[in-house]
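Chemist: Please find the sequence and the predicted model below.
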Amino acid sequence: MAIAYEKKKAIFAEQVSVEEAEGLLEWLRANPKAKLDLAACTHLHTAILQVLMAAKPHISVWPKDAGLALWIKGAIESKPGV
């Protein structure tokens, strides 16, 4: 699994594929105050990005890759219609 789930934290591995999207969404719905650790993430499928955009979870650690972090931040923090 590319995402390791703990009680209140999900830790992303290097590459997170589309197969993880449904499980992530269900986990975030069950744990709305959970935190995400994306430090090791080097790539994530756009389906994962869509889950993050919809759920707007608390990201405690952003990816080490500055470009990926910027891409995710921009998507999550964007306002509809802008």
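Modeler: Arrived safely.

Chemist: What strand or helix carries the residue most central in space within the chain?
Modeler: Per C-alpha atoms, centre = their mean, the C-alpha nearest to the average position across the chain is that of L52, at 5.1 Å. Following DSSP states H and E, one finds L52 within helix 46-55.

Chemist: same question, I11
Modeler: strand 9-12.

Chemist: Identify all contacting residues around that strand.
Modeler: 2-4, 24, 27-28, 34-41, 44, 60 (C-beta atoms under 8 Å, 6 or more residues apart in numbering). All C-beta spots, glycine's among them, are computed from the backbone N, C-alpha and C.

Chemist: Go ahead and build a PyMOL selection from the buried members of the residues you listed.
Modeler: PyMOL command restricting these to the buried ones, with burial defined by 16 or more other C-beta atoms under 10 Å:
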select buried, resi 2+3+24+27+28+34+36+37+38+40+41+44
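
Chemist: Go through the contacts of strand 9-12 and name the one nearest A75.
Modeler: A75 lies nearest to L44 out of the contacts of strand 9-12, by C-beta to C-beta, at 10.6 Å.

Chemist: which residues touch that closest one?
Modeler: Applying C-beta under 8 Å, 6+ apart, the residues contacting L44 are 12, 15-16, 68, 72.

Chemist: Okay, helices next: where are they in this structure?
Modeler: 21-30, 46-55, 66-77 (DSSP state H).

Chemist: thinking again about what came up before, could you dump the contacts of L44 into CSV and include neighbour count?
Modeler: What follows is these, written out as CSV (neighbours: other C-beta atoms under 10 Å):
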residue, neighbour count
F12, 23
Q15, 13
V16, 23
L68, 16
I72, 22
